[in-house]
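Participant: Here's my sequence, what's the structure:
(one chain, ligands or ions: 1)
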Amino acid sequence: MKQYLRLLPAVHELQKDPRFETLKKKFDLHETQLTEFLQQEVGSLRKSLLAEETLIEKATPDFTGQIFKSAELHIQIWQEDRLERVINGTGTVLHTNLGRSRLSDAAIAHVVRTAENYSNLEYQLVAGKRGSRHQIIEDLVVQATGAEAAMVVNNNAAAVFLILSALAKKQEVIVSRGQLVEIGGSFRVSSIMEESGARLVEVGTTNKTHLVDYEQAITEETAMMMKVHTSNFKMIGFTETVETAKLVELTGKHQHVIFYEDLGSGALYDFKQHGIGDEPLVREVIESGVDLVSFSGDKLLGGPQAGLIAGKKELVERLKKHQLARVLRVDKMTLAAMEETLKSYLAGAEKIAELPTIRDIIRPAEDIKVQAQLFIRNLQSKSSNYHSELQESTSQIGGGTMPGVEIPTYIAAITHKRLSAAQLSLCLRKVKPAIVSRIQEDQVCIDFRTINFSELDDLLAGFVACQ
Ligand SMILES: *Cc1c(COP(=O)(O)O)cnc(C)c1O
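Facilitator: Numbers count the residues shown, from 1 in each chain. Sure, this is the predicted structure:
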């Protein structure tokens, strides 16, 4: 087979081939980049000839044609989005693996304006002086939460790390054993405390912690009492936690102890009015007298990835001045998206319901049913390989928020004449845009809670492609 090696075309010959120009135009590539692609193809063909892996059928194989064909395929794959669009058919609104919150139109528009132009990110226009990015949206967080002061960092994990490092390093932080949670496999409250240099003082037991447990743990060395919202699991049965108000009263008696609550999700909208979960409002927690709270920007709030910190002015000022604040700072596009998201909250219920996360969570089952029925009808008319039926089901909020809360929904439960549910769902993940579904009892299930009407055509096209 090695005798074929001399038949491999030289790269300069490929450059003279008319197909070189065709590919260059088709993919809008620079010569150098296209040449590199072709070099790679020649290289891998040479390798497989040496390894005797290539099947040669003719006496004079058309290596040039083979190289151009294979290069075309690889260039196409290379140019496709790596961070690609997905249709979320799982019904889980805050799917951490699928990017959590979708942004509102207003937020997206502001991100684009900000990305396109220069901005006053760190510049005071009237004074003509250097400004601080911390100031850009602080007033909005303050208005939305009722806190004295606020700041925004990269995510809530960063917020926890900053708060512990800046305010409790080498000192003791009291936490209930039942709240030493792990979130999403990569965020462990106990590990992040250790990294921050704060000394963890565990109190109570896994299922029960009493006020007196906290009381007895307070010493001269105590810098902070931390309460962690156990967002991704629910303990049932014989349990006891101490209410925020009681802890506020206790820390009030010890001037040197800060009370900080990691709220996890942090709701600015009252989902309880729709009978969904029992998530406290950030405003209520602040009103109860907590010194500092932190929460995520892209969980129940429905904005970009960020960590919001709100609370006493004196403490927030110390955080802003800490070196880590520079390390954990957010970029201008995050600030732009967060600004518009917060403005929607301040503009009242109608605007709030336009935030995709809120809209999807409170979406009535009847509305979802109409959409599911429409899809099922369309699929039946397009392909006879599928059997699909409407079923009642439940959706979860996800993102480690509101564990155990299940909201009524409707799904299309689909089976294929030849393909198993696993095979069909694999095919659906490979189409563009990819479709992520849920498998239940060997049926591929699409929960329409997380699918917009505008996505129905793409959804249908994906199923047709897999028929
Ligand atoms: C989600 C969560 C975090 C981490 O928040 P990110 O914004 O994902 O970094 C921290 N603490 C709690 C209690 C959480 O639920």
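Participant: Check which helices and strands whichever strand or helix holds Val111 sits against.
Facilitator: Taking DSSP states H and E as the criterion, Val111 maps to helix 105-116. Other elements packing on helix 105-116 under the criterion 3 or more C-beta pairs under 8 Å, 6 or more residues apart in numbering; DSSP states H and E are helix 332-346. To be clear about C-beta, it is placed using only N, CA and C from the backbone, and glycine gets the same treatment.
Participant: And the ligand, is the helix it packs on touching that?
Facilitator: No. Helix 332-346 is not in contact with the ligand by C-beta under 6 Å from any ligand atom; minimum separation 11.9 Å.
Participant: what's the average pLDDT for that helix?
Facilitator: Throughout helix 332-346, pLDDT has a mean value of 98.
Participant: pull the CA atoms of that helix into CSV?
Facilitator: Extracted in CSV, the C-alpha atoms of helix 332-346 (Å, rounded to 0.1, in the frame of the first residue of the first chain):
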residue,chain,number,x,y,z
LYS,A,332,-20.4,44.8,30.6
MET,A,333,-22.8,42.4,28.8
THR,A,334,-23.8,40.8,32.1
LEU,A,335,-24.5,44.2,33.5
ALA,A,336,-26.5,45.2,30.5
ALA,A,337,-28.7,42.0,30.7
MET,A,338,-29.1,42.4,34.5
GLU,A,339,-30.1,46.0,34.1
GLU,A,340,-33.0,45.2,31.8
THR,A,341,-34.0,42.2,33.8
LEU,A,342,-34.2,44.2,37.0
LYS,A,343,-36.1,47.0,35.2
SER,A,344,-38.7,44.5,34.2
TYR,A,345,-39.2,43.6,37.9
LEU,A,346,-39.6,47.2,38.8
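Participant: buried ones in it?
Facilitator: For helix 332-346, a neighbour-count test (16 or more other C-beta atoms under 10 Å) marks 332, 334-345 as buried.
Participant: which bits of the stretch 351-467 of the chain sit near the ligand?
Facilitator: Gly400.
Participant: all strands of the stretch 351-467 of the chain, in order?
Facilitator: 386-398, 401-416, 434-436, 438-440, 443-447 (DSSP state E, counting those that start in this stretch).
Participant: Quick one: work out the angle between the first one and strand 401-416.
Facilitator: Strand 386-398 runs at 170 degrees relative to strand 401-416, counting by axes from the mean of the first three to the mean of the last three C-alpha atoms, to 10 degrees.
Participant: what does the last one give?
Facilitator: Relative orientation of strand 443-447 with respect to strand 401-416: 130 degrees, computed using the same axes, to 10 degrees.
Participant: list the helices and strands strand 443-447 packs on?
Facilitator: Partner elements for strand 443-447 (3+ C-beta pairs under 8 Å, 6+ apart): helix 365-382, strand 386-398, strand 401-416, helix 421-430, strand 438-440.
Participant: shaky segments in the stretch 151-300 of the chain?
Facilitator: Low-confidence segments of the stretch 151-300 of the chain (pLDDT under 70): 183-185, 231-239.
Participant: Might you name the residue of it sitting closest to the ligand?
Facilitator: Closest to the ligand within the stretch 151-300 of the chain is Gly264: 2.6 Å, counting by C-beta to the nearest ligand atom.
Participant: what sits opposite that residue in the beta ladder?
Facilitator: Beta-bridge pairing for Gly264 (DSSP bridges): Phe295.
Participant: Let me see the contact set for it.
Facilitator: Counting by C-beta atoms under 8 Å, 6 or more residues apart in numbering, Gly264 touches 156, 183, 228-229, 231, 295-296, 299, 400-401.
Participant: quick check, Met226 in a strand?
Facilitator: Yes. Assessed with DSSP: H, G, I helix; E, B strand; the rest coil, Met226 lies in a strand.
Participant: circling back: CSV for the strands of the stretch 351-467 of the chain, including mean neighbour count and mean pLDDT?
Facilitator: Below are the strands of the stretch 351-467 of the chain laid out as CSV (neighbours: other C-beta atoms under 10 Å; pLDDT from 0 to 100):
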stretch, mean neighbour count, mean pLDDT
strand 386-398, 19, 96
strand 401-416, 20, 93
strand 434-436, 20, 98
strand 438-440, 15, 96
strand 443-447, 25, 98
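Participant: what's the closest of the buried residues of helix 332-346 to Pro364?
Facilitator: Nearest to Pro364 among the buried residues of helix 332-346 is Ser344, at 20.3 Å by C-beta to C-beta.
Participant: So which residues on this protein come close to the ligand?
Facilitator: 155-157, 160, 183, 187, 228-229, 231, 262, 264-265, 296, 307, 400.
Participant: From the residues you listed, keep the buried residues only.
Facilitator: Buried by 16+ other C-beta under 10 Å: 155-157, 160, 183, 187, 228-229, 231, 262, 264-265, 296, 307, 400, out of those.
Participant: Looks like His274 contacts Ile362 (just checking).
Facilitator: Yes. Using C-beta atoms under 8 Å, His274 is in contact with Ile362, at 5.0 Å.
Participant: so how far is the ligand from the residue sitting furthest away from the middle of the chain?
Facilitator: Farthest-out residue of the chain from its mean C-alpha position, per C-alpha atoms, centre = their mean: Ala59, at 55.2 Å. Distance of Ala59 to the ligand, given as C-beta to the nearest ligand atom, to the nearest Å: 62 Å.
Participant: Now for Gly462: which residues touch it?
Facilitator: Gly462 is in contact with 87, 428, 431, 433-435, counting by C-beta under 8 Å, 6+ apart.
Participant: For it, give its distance to Gln423.
Facilitator: To Gln423, Gly462 is 14 Å away according to C-beta to C-beta, to the nearest Å.
Participant: likewise Leu355?
Facilitator: 37 Å.
Participant: Comparing these two, which residue is more hemmed in?
Facilitator: Leu355 (25 against 13; other C-beta atoms under 10 Å).
Participant: after the longest helix seen in the chain comes which helix or strand?
Facilitator: The longest helix of the chain (DSSP state H) is helix 31-50. Counting by DSSP H and E, the element after helix 31-50 in chain order, helix or strand, is helix 63-79.
Participant: Convert that following helix to CSV, retaining C-alpha atoms only.
Facilitator: Output of helix 63-79 as CSV, limited to C-alpha atoms (Å, rounded to 0.1, in the frame of the first residue of the first chain):
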residue,chain,number,x,y,z
PHE,A,63,-6.8,11.1,-3.9
THR,A,64,-7.4,14.7,-4.8
GLY,A,65,-11.1,14.2,-5.1
GLN,A,66,-11.1,12.3,-1.8
ILE,A,67,-9.2,15.1,-0.1
PHE,A,68,-11.5,17.9,-1.3
LYS,A,69,-14.6,15.9,-0.3
SER,A,70,-13.4,15.1,3.1
ALA,A,71,-12.1,18.7,3.7
GLU,A,72,-15.5,20.0,2.7
LEU,A,73,-17.2,17.9,5.4
HIS,A,74,-14.7,18.8,8.1
ILE,A,75,-14.8,22.5,7.3
GLN,A,76,-18.6,22.4,7.5
ILE,A,77,-18.4,20.8,10.9
TRP,A,78,-15.7,23.2,12.1
GLN,A,79,-17.8,26.2,11.1
